[in-house]
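In: Everything below, folded, please.
(chains A and B)
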Protein chains: 2
Amino acid sequence: MNTVKYNTLSANPETEACELKNHIGETIRLHGAVYKIRRMSGFAFVLIRMRDAIVQSVYSEKFASFPLNLLAEEACVRLTAQVVAEERSRTGYELRLMEAQVLSAPCEELPIVINQKKVNTSLENLLDYRPVTLRNEKERAIFRIQAAICTAFREFLNREHFTEIHSPKIAAIGAEGGANIFKLPYFEKEAYLAQSPQFYKQMMVGVFERVYEIAPVFRAEKHDTSRHLNEYTSVDFEMGYIESFEEIMATENRMLRYCIDFLREHCSDLLTLLGCTLPQIEEIPQIPFASAKEWIANSCKRKITDMLDFEPEEERLLCELVKKETGSELVFVTHYPSAKRPFYAMDNPQNPEETLSFDLLFRGLEITTGGQRIHSYKEQIEKLHARGMHEELFESYLMLHKYGVAPHGGLGLGLERFTAQLLGFENVRSATLFPRDIHRLIP
Amino acid sequence: MNTVKYNTLSANPETEACELKNHIGETIRLHGAVYKIRRMSGFAFVLIRMRDAIVQSVYSEKFASFPLNLLAEEACVRLTAQVVAEERSRTGYELRLMEAQVLSAPCEELPIVINQKKVNTSLENLLDYRPVTLRNEKERAIFRIQAAICTAFREFLNREHFTEIHSPKIAAIGAEGGANIFKLPYFEKEAYLAQSPQFYKQMMVGVFERVYEIAPVFRAEKHDTSRHLNEYTSVDFEMGYIESFEEIMATENRMLRYCIDFLREHCSDLLTLLGCTLPQIEEIPQIPFASAKEWIANSCKRKITDMLDFEPEEERLLCELVKKETGSELVFVTHYPSAKRPFYAMDNPQNPEETLSFDLLFRGLEITTGGQRIHSYKEQIEKLHARGMHEELFESYLMLHKYGVAPHGGLGLGLERFTAQLLGFENVRSATLFPRDIHRLIP
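Out: The predicted structure follows:
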C-alpha cells in the first residue's frame, strides 16, 4: 500500500539563546522575532526575542548579505549568524548577522511600545493589548515564573505521593455555597461552575489518600478590587490519615520551601530581571485568629469592627507585625470562626465556635485557605441541619462520609495571588495571563 | 510575642506498601482502609487498601491484641504489624496484625460490592456510585495511570521547551464556533465556556514560541455516544517556527513514545492489573484523508456517503487496515477538507479544498485534532470574510496576526479518550473520573 508514509522524527536543529556561548567561532542558524533595532553610525544592534532570552546581534553591511530595512520590529525571522569572540561584550561573544529570511512581518506599527525595559502604560491598556504586551521581556518573564511555580508544586506533590486528579468544572451544586456562583443552562437542567474542587478532592481521599489538582475555579463575586478575579487557577490538595490539621500546614510549608528553592535554581535570571527578592521560608509561624485580631487592635490602636473576619487592612498590618516580630513574610492564621467557614469545616472539639482551619497570609494578602474537614457522617449531617441545609442535595458527596473516610483536610492556594505577592505586584491581574473580572471578558 | 508559634515539619512516619519488603523481621505501623476480610478456620486474611497497593495481612488471635470484629470493610485504620519472612508467600513475607486503631467506620453496608477483582455492575451504576466504586483496585488503577500520562506529557513538553499556560475558560467568543457551545450570563454580559484554548495558545506562540496547557474544555454537543463527553480534559500544545505541519505530527509522535516508555517504567503493575498491552509506537504512519476514504471504500466494499468526514465505522475500519498493513495501532490522517475545519486552519497552497491538518486515530478512534494555523493577517481576514464571519468579533485574537507571528500549529488531544483507547475500554466514560454528558451532572 503506497498511501501510507512515515514521518521523520527530527528535532529542531536551530540554536537556542542559552547555547550560543558554546558556538564561538562557528556559523549558526537561529530564529526569533526582531525585538528592537538600534541604529548606530555605520552599523546597528538588532535585539532578537528568542524563546529563552532576548539576544543582541550586530548588523553591518560588512557581514550581512541583506539590507537592514528587511528587518522590522516584530518580524519573525530565521537568521544565519557568526558567533565571534568579543572580550568587550558582557556575554563574551558578538553575534554577527549574515543572512536573514523573513517568515512573517507585522502589518501595522504596534499600538504600544513593548521593547523598552517596561511597558509604560496603564494596567487597563496592558491587559487590553495582552497578545502584544506579553511580548515584552519583563511581562513574559512573569508567566515563565508562574509555569515554574506549577512545575515545582507538582514535583513536590508527586514526591509526597499525591495523585493528580481532574474534577469536573460543571457541577450540579456549588461547594462553597452563597451567591458567588455562576449559573448556566445545561441541556434541560441548571448547572453551576465549580467554585472549587472541594467535594471531588474529598471523595478522592477515599480512593488515593492524597490528591491534588491545579485547575481553574470560578467565583461570581462582584468585588472590583486589586485582589479579586472571577476565574483563577487554584492549586488544591487534600490528604487523608492526618492526625491534626497542623499536618496540612506543615505540608504547605514544605511545598512552598520546595517551590522557592526550585525558583532559585531554575529562574534566577528571570527573578533578577523582575527585581524580585524571594522570601526566606523556614518554619512559617502561626497565630490563632482571635489572638491576631487582638494583637492588631492593641498594636495598631484600631477598633475591631468585624469579629468574624479580617479586613484587608488588618491582613496587611498583621503581616507587618509578624515580620517585625519573627522576620517571616508568611504567617498561618488558625482557628477561624465557625460562622465564616463552610459546612464541611471541622469545628474545634475544644471550642465549637471556631474551626480547625487556617489561612496563609503572604506579604499582606491571603493566598491560601485550608483546614480539616468533617469525616464523620453523623457530624456532617448535624452540621448541615444546623445550617438549614438539605442533605438530599449532597447525596453523592455524602457517600464519602457514609461509607467511611479517614480524617482528612487540605487547602486551596490561588496561583495568581501567590505569583503576584512573590513578584511584589499591587494587583493580582498583573500575574494573570488573561484576567476575568466583573468588567473584563476580553481578550 | 507569645502567640506566634512554629509548625513542626515532619513527614509521615508510617510505612508504604512498596516499602514493606524492606522491613522483614520488624514491627511497623501502617494505615489504610479495610478492603476485604476473608475468614478462614482459626484465622483471617485482611486485605488493606493502602495508598499504593492492596496488601494482604493475617489476623490471628495468637498475635492480635484486638478482636477481628473491630474491623469492618471500608473502615479506615492505623495498624501495628509484624513483617515476618514467609517463603510460601508471593511477596516473601507475611504481615501479622498486632494492634488496630479504627479512625472511621462506614455507617452502612456498601450499595455495591467493590472488593472483587472487578466491580460487577452497569456503567450507569459504576458512575452513579463513583465515590465508592473508585475504591475498587482496578477502578482506581485507571486514574493512577491517567495521572502518570499527564506527568509524562508535561515532562516531555517541558524538555522540548514548551511553556505551560493557564488560559481562561470563560470567554467572550468560542474558538470552534457552531452551536456546540455552553452560554452563561456573566454579570451584564453573555459569555461562553471555552471549547478549546485555541485563540489563547496561538496568542502565546507570539510570546513563548511553544506553549501547552492541560485543562478542561466544554462542548455542548447533544451526542449521546460512547465517545462523547460534554466536559473533558484537553492536552493542547502549539508551536511556532514550524517549517511544515508535519513537525507537529513528529512532535506528537515523540510525545506519545515518551509517554508509553514512561508508563512501561512507572506503571507496569497497574497495567498488568488492568490487562493492558501498550501499543508499539515507532514512526506513526500517515495517510491523506482522500486516500483513506478511497482505501476503506475499496477494501471494505463500502459506499462513501460523506466525502468531508469519516463515519465512526470508517475510523474503525481504517485502523484495522493500517494495522494489517503496517502493524501500527495509530495512524495520522492528513489533509482534511477545508469545509470541515475551522476558520483558522491553513489551507494547502497546492489544493485550497484541503487543509494542512491532521487527526490521529488510535485503535479505531480519533484522539487528536491538529494542524497548521494561518499566520498571515491578510489571509486570515480573507478566510473570515469568505465564511461570512465578522472580524470585529475577533479583534484581540487578530492582534496576533496583525502584529506578526511565526508560522505555527498545534493540536489538542483528549486525555480521557487516549486513556480509554490505551486501556481498551468501549466507553470513554470508563476513563473519566466524574463524566459530564447530556444526562449526567452528578456526582
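In: wait, does the longest helix along chain A make contact with chain B?
Out: In chain A, assigned by DSSP state H, the helix with the most residues is helix A:137-159. Yes - Helix A:137-159 comes into contact with chain B (Cβ under 8 Å from any Cβ of the partner chain), by way of A:140, A:143-144, A:146-147, A:150-151, A:154, A:158. No exception for glycine: its C-beta is placed from N, CA and C like everyone else's.
In: which residues does the residue nearest to A:Glu14 when sequence neighbours are not counted form a beta bridge with?
Out: Using Cβ to Cβ, 6 or more residues apart in numbering or on different chains and skipping residues adjacent in sequence, the residue nearest A:Glu14 is A:Arg29, 5.0 Å away. Taking DSSP bridges as the rule, A:Arg29 bridges to A:Thr80.
In: Roughly how far does A:Arg29 sit from B:Glu243?
Out: Distance of A:Arg29 to B:Glu243, given as Cβ to Cβ, to the nearest Å: 12 Å.
In: More neighbours: the two, which one.
Out: Between A:Arg29 and B:Glu243, counted using other Cβ atoms under 10 Å in any protein chain shown, A:Arg29 has the larger neighbour count: 14 against 10.
In: list the contacts for the more buried one?
Out: Listed by Cβ atoms under 8 Å, 6 or more residues apart in numbering or on different chains, the contact partners of A:Arg29 are A:13-15, A:78-81.
In: same question, A:Gly206
Out: A:240, A:400, A:403-406, B:33, B:131-132, B:134-135.
In: which SS state does it fall under?
Out: State at A:Gly206, reduced to three classes by DSSP: H, G, I helix; E, B strand; the rest coil: helix.
In: related to what we said a few turns ago, buried residues, the longest helix of chain A. List them.
Out: For helix A:137-159, burial by neighbour count (16 or more other Cβ atoms under 10 Å in any protein chain shown) applies to A:137-154, A:156-157.
In: I'd like to know how far the closest residue to A:Leu103 other than its chain neighbours sits from A:Asn69.
Out: Distances taken as Cβ to Cβ, 6+ apart put A:Cys76 closest to A:Leu103, at 4.5 Å, once the chain neighbours are dropped. Distance from A:Cys76 to A:Asn69, counting by Cβ to Cβ: 16 Å.
In: do A:Lys340 as well
Out: 64 Å.
In: Pick out whichever of those two has more residues nearby.
Out: Neighbours per residue (other Cβ under 10 Å) separate A:Lys340 from A:Asn69, with A:Lys340 holding more: 16 against 7.
In: Report the contact partners of the residue nearest to that one when sequence neighbours are not counted.
Out: Once flanking residues are discounted, A:Lys340 sits nearest to A:Leu308: 4.8 Å by Cβ to Cβ, 6+ apart. Listed by Cβ under 8 Å, 6+ apart, the contact set of A:Leu308 reads A:337, A:339-340.
In: same thing with A:Glu164?
Out: A:154, A:157-158, A:211-213, B:147, B:150-151.
In: Which one of these is nearest to B:Cys107?
Out: A:Val211 (23.2 Å; Cβ to Cβ).
In: need the residues of the stretch 301-443 of chain A near chain B, please.
Out: The interface of the stretch 301-443 of chain A toward chain B, taken as Cβ under 8 Å from any Cβ, is made up of A:321-322, A:325-326, A:331-332, A:375-378, A:395-397, A:399-407, A:415, A:433-436, A:438, A:441-443.
In: Drop anything exposed from the contacts of A:Gly206.
Out: Buried by 16+ other Cβ under 10 Å: A:240, A:400, A:403-406, B:33, B:131-132, B:134-135, out of the contacts of A:Gly206.
In: which one of those is nearest B:Ile296?
Out: For these, the nearest to B:Ile296 is B:Leu134 (38.5 Å; Cβ to Cβ).
In: Would you mind measuring from A:Ala141 to A:Leu263?
Out: Distance from A:Ala141 to A:Leu263, by Cβ to Cβ: 12 Å.
In: Check A:Pro131 too.
Out: A:Pro131 is 26 Å from A:Leu263, by Cβ to Cβ.
In: ok so, going back, out of the contacts of A:Gly206, name the ones that lie in strands.
Out: Counting by DSSP state E, the part of the contacts of A:Gly206 found in strands is A:240, B:33.
In: could I get the contacts of A:Gly206 as CSV with pLDDT and distance to A:Met249?
Out: Output for the contacts of A:Gly206, formatted as CSV (pLDDT from 0 to 100; distance: Cβ to Cβ, whole Å):
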residue, pLDDT, distance to A:Met249
A:Gly240, 98, 16
A:Leu400, 97, 23
A:Tyr403, 97, 28
A:Gly404, 96, 26
A:Val405, 98, 21
A:Ala406, 98, 18
B:Ala33, 98, 25
B:Pro131, 97, 26
B:Val132, 97, 30
B:Leu134, 98, 28
B:Arg135, 98, 28
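In: ok, the contacts of A:Gly206 vs A:Gly370, which is closest?
Out: Using Cβ to Cβ, the contacts of A:Gly206 come closest to A:Gly370 at A:Gly240, 14.3 Å.
In: Mind listing the residues bridging to that closest one?
Out: A:His408.
In: list the contacts for it?
Out: A:205-206, A:209-210, A:405-408, B:76.
In: One more: A:Leu330?
Out: If you count contacts by Cβ under 8 Å, 6+ apart, then A:Leu330 has A:256, A:279, A:281, A:284, A:360-363 around it.
In: 7 Å instead?
Out: Counting by Cβ atoms under 7 Å, 6 or more residues apart in numbering or on different chains, A:Leu330 makes contact with A:279, A:281, A:284, A:360-362.
In: Could you check how far it is from A:Cys319?
Out: 8 Å.
In: what's around A:Thr163, how many residues?
Out: Using other Cβ under 10 Å, the number of residues around A:Thr163 comes to 22.
In: Identify the residues contacting it.
Out: When contacts are counted by Cβ under 7 Å, 6+ apart, A:Thr163 touches A:208, A:210-211, B:144, B:147.
In: mind running it again at 10 Å?
Out: A:157, A:204, A:207-213, B:51-52, B:140, B:143-144, B:146-148 (Cβ atoms under 10 Å, 6 or more residues apart in numbering or on different chains).
In: Ok, A:Phe153 next?
Out: Applying Cβ under 10 Å, 6+ apart, the residues near A:Phe153 are A:162, A:212, A:214, A:235, A:237, A:255-256, A:258-259, A:262, A:413, A:415, A:418.
In: Tell me how far it lies from A:Phe162.
Out: 10 Å.
In: between those two, what contacts are shared?
Out: Taking Cβ under 10 Å, 6+ apart as the criterion, A:Phe153 and A:Phe162 both touch A:212, A:237, A:255.
In: Pull out the buried members of the residues you listed.
Out: Applying 16+ other Cβ under 10 Å to those flags A:212, A:237, A:255 as buried.
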